[in-house]
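> turn this into a model:
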Amino acid sequence: MMDVIVIGAGPAGLAGAIASANSGLKVIVIDEFIKPGGRLIGQLHQERSGEWWNGIEESERLHQEAITLSVDIRCGVSVYNLEKDGDLWNVHTSIGTITAPFVLIATGAAEYPIPLPGWTLPGVMSIGAAQVMTNVHRVQVGKKGIIVGANILAFAILNELQLAGIHVDRIVLPEKGPLSGKAGEPEEVMKSLLHAAHLAPSPLLRIGSRFMKNDWFRKTGMKFFPKNGVKVNGTPLLLRKAAIEVIGMKQVEGVRVADTDANGTIIPGTETVYEADFVCIAGGLYPLAELAAVAGCPFQFIHELGGHVPHHSETMETPLEGLFVAGNITGIESGKIAIAQGTTAGYSIAKHAGKCGAVIDEQLNQAIQNVRLIRMQAAIQFNPDIESGRRKMSELWEKLYEKPANLHSTQKLG
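Numbering: from 1, shown residues only. Alright, predicted model coming up:
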């Protein structure tokens, strides 16, 4: 029997497995993809320091470290249920039921779809799919493309596509409506982008962005936003144009767009067609938390964390004994933070298992501090108010679940 079952072989899952195994626990990691790494294996970008973040290399490092610690990694395995049976968790998978006293759910995030007419044509994909095809499978997604949706994820992957020699012609917004939400509202999009203004490619844009944080300047700026857009790494960002249809017979041939007013409302009679042979839809990310729900874990909707997230503490434990979470299931952040959270969860599991004595307390505290430090140093955040979201969850946990220190118990392993 295993001591720990980790669901998800992404950055959080692998890091959690490493910390648990390093503390003397027997760990198995399962993932439905054909190889470990999760979203890491699609990432490739240059950081503010000038160093390159190569997700494939980072995932390989974590994979090899886990193997060295005798972690059992099973890929191509799906989980469809998990349930508590006394002191043990039964995790039901496509290869049978696996049992252990501790489970770490590190299932990551999924992309929000933004449906629009013509989105089933060959050549239409999510922005994340374009990233994986480009960086993992080395497949050129097309020669001339359009991104529908403007957010931090879209801009990060735009740069990766450009590095691969793929031409992205324009970035436009989705049509305003209940399915696109704030992604179709120009002013809301601008507000979200201003949180990353320090990364703007020119001093003029960086200085101008400070003024745009003022409500009056921002509303005025939206009224007079350049018709030809503002270039992001050479690609025009058109905040006042909305995609209303992807056109083509057997595959993508272009995108029909229309001008909008400052509120995102379509202006009749302004339609035009931009030619393209591929379209990327960028709706953003949300926590992939279904398995925690199946397990019976309570949830809270916290907008700043990206949606519904399971109740969890800073040590990554949930209210269900033996169940832990880490990574984007707890809120949308970077791969580096997912790794730090996974490490925290691994040491937290080891502490609950009664391993390593006083040493584990120091390791756990250091891991928690590391999460805070990495978050503070992050150049950008997918959700700019992430600190507010984390505080909300911390306050909720303290209110509902905190106990005096002398009432905390640990679960011993034989």
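> contacts only, for the nearest residue to Pro113 once chain neighbours are set aside.
Of all residues not flanking Pro113 in the chain, Gly283 sits nearest, at 5.9 Å (Cβ to Cβ, 6 or more residues apart in numbering). To be clear about C-beta, it is placed using only N, CA and C from the backbone, and glycine gets the same treatment. Each residue near Gly283 by Cβ atoms under 8 Å, 6 or more residues apart in numbering is listed here: Glu111, Tyr112, Pro113, Ile114, Ser126, Gly149, Pro174, Ser180, Ala183.
> so which elements touch the helix or strand where Ala21 lies?
Secondary structure from DSSP states H and E places Ala21 in helix 11-22. When contacts are defined as 3 or more Cβ pairs under 8 Å, 6 or more residues apart in numbering; DSSP states H and E, helix 11-22 packs onto strand 4-7, strand 27-31, helix 55-68, strand 102-105, helix 335-352.
> show residues contacting the third one.
The one in question is helix 55-68. Residues outside helix 55-68 that contact it (Cβ under 8 Å, 6+ apart) are 11, 14-15, 17-18, 21, 29, 36-44, 73, 135-136, 335, 339.
> repeat that for 7 Å
Contacts to helix 55-68, defined as Cβ atoms under 7 Å, 6 or more residues apart in numbering, come from residues 11, 14-15, 17-18, 21, 36-37, 40-44, 73, 335.
> residues near the nearest residue to Ala293 once chain neighbours are set aside, how many?
Distance criterion Cβ to Cβ, 6+ apart; nearest residue to Ala293, sequence neighbours excluded, is Phe299 at 6.7 Å. Number of residues near Phe299 (other Cβ atoms under 10 Å) recorded here: 14.
> is it true that Phe299 touches His308?
Yes: proximity of Phe299 to His308 meets the contact threshold set by Cβ atoms under 7 Å, at 4.8 Å.
> show me the contacts for Glu188.
Going by Cβ under 7 Å, 6+ apart, Glu188 touches Lys182.
> just Glu271 next, same as before
The contact partners of Glu271, taken as Cβ under 7 Å, 6+ apart, are Arg256, Ala258.
> how close does the nearest residue to Ala164 once chain neighbours are set aside get to Leu158?
Here the nearest residue to Ala164 in space, its sequence neighbours aside, is Thr134; by Cβ to Cβ, 6+ apart that works out to 4.9 Å. Thr134 is 11 Å from Leu158, where distance means Cβ to Cβ, to the nearest Å.
> try Leu40
19 Å.
> and what of Gly128?
13 Å.
> what of Leu62?
27 Å.
> next one: Asp3
Asp3 is 43 Å from Leu158, where distance means Cβ to Cβ.
> ok, the two, which is more surrounded?
Taking other Cβ under 10 Å, Asp3 and Leu158 do not tie; Leu158 has more neighbours (26 against 20).
> contacts only, for Gly357.
Residues near Gly357 by Cβ under 7 Å, 6+ apart: none.
> where does it fall, phi/psi-wise?
Main-chain torsions, Gly357, degrees, to the nearest 10: phi 60, psi -140.
> residue ranges with poor pLDDT in the stretch 301-414 of the chain?
379-381, 403-414 (pLDDT under 70).
> oh, I was asking about the chain
Applying pLDDT under 70 to the chain flags residues 42, 44-50, 52-53, 194-224, 379-381, 403-414.
> for it, what's the longest strand?
Using DSSP state E, we find that the single longest strand of the chain is strand 235-247.
> mind giving me the packing neighbours of the helix or strand following that strand?
Using DSSP H and E, the next helix or strand after strand 235-247 towards the C-terminus is strand 254-259. Using 3 or more Cβ pairs under 7 Å, 6 or more residues apart in numbering; DSSP states H and E, the elements in contact with strand 254-259 are strand 235-247, strand 272-275.
> measure stretch 84-98 end to end?
Using Cα to Cα, to the nearest Å, one end of stretch 84-98 lies 12 Å from the other.
> can you pull the buried residues of that stretch?
Across stretch 84-98, burial judged by 16 or more other Cβ atoms under 10 Å covers Trp89, Val91, Thr93, Ile98.
> same deal with stretch 226-239?
Using 16+ other Cβ under 10 Å as the test for burial, stretch 226-239 gives Gly229, Val230, Val232, Thr235, Pro236, Leu237, Leu238, Leu239.
> all helices for the chain, in order.
Along the chain, counting by DSSP state H, helices occupy 11-22, 55-68, 127-135, 152-163, 186-194, 203-212, 215-223, 290-294, 335-352, 358-377, 386-401.
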